[in-house]
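> What follows is a predicted structure for the sequence shown.
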Amino acid sequence: MPHISSAPLTRAITRLIYEVDALVDESCENVRPEILDKYARAITSQLKALQEIESHNRAQDKNDERRTYTAYEDFPAPTPDERERFKARLEHLISKIEARQKTSKGSGAARTKR
């Protein structure tokens, strides 16, 4: 299972904290405890969910590190960047081999004429 982004939860927690801060700043004496309790429960549940997501992502990282590939079919497909680098390297090697073959044919012919 892929990584899960924690950004939406982090934004939600931040928004709730700002709302509580604004609520307390507006009327410190008139804040009803049940409203603060509601916010506290919401923040707590969001923090628990965030902790579970981070735990999942750490476990996924460990699982990815342990993954071994035993057959060619198990390997992940190369990225487009990796594919382009491979093609460029292959073309470079082929051109070196062809140049070496031309050089060796030319020097071989020169040797036989002597």
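Yes, it's here.
> which residue ranges form the helices in the protein?
7-26, 33-66, 80-113 (DSSP state H).
> do you know which of those lies nearest Tyr72?
helix 80-113 (14.9 Å; C-beta to C-beta). For the C-beta atoms, the positions are set from N, CA and C on the backbone; glycine is no exception.
> for that closest one, what is the average pLDDT?
For helix 80-113, mean pLDDT rounds to 83.
> sorry, back to before: mean neighbour count and distance to Tyr72 for the helices of the chain - can I get that in TSV?
As requested, the helices of the chain are exported to TSV (neighbours: other C-beta atoms under 10 Å; distance: least, C-beta to C-beta, whole Å):
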stretch	mean neighbour count	distance to Tyr72
helix 7-26	13	36
helix 33-66	12	19
helix 80-113	10	15
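> would you turn those helices into TSV with distance to Glu73?
Formatted as TSV, the helices of the chain follow (distance: least, C-beta to C-beta, whole Å):
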stretch	distance to Glu73
helix 7-26	35
helix 33-66	18
helix 80-113	18
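> Out of the ones you listed, which is closest to Asp74?
helix 33-66 (13.5 Å).
> Just give me how far the closest one sits from the chain centre.
Offset of helix 33-66 from its chain centre (C-alpha atoms, centre = their mean, to the nearest Å): 20 Å.
> name the helices or strands packed onto it?
For helix 33-66, the elements it packs on are helix 7-26, judged by 3 or more C-beta pairs under 8 Å, 6 or more residues apart in numbering; DSSP states H and E.
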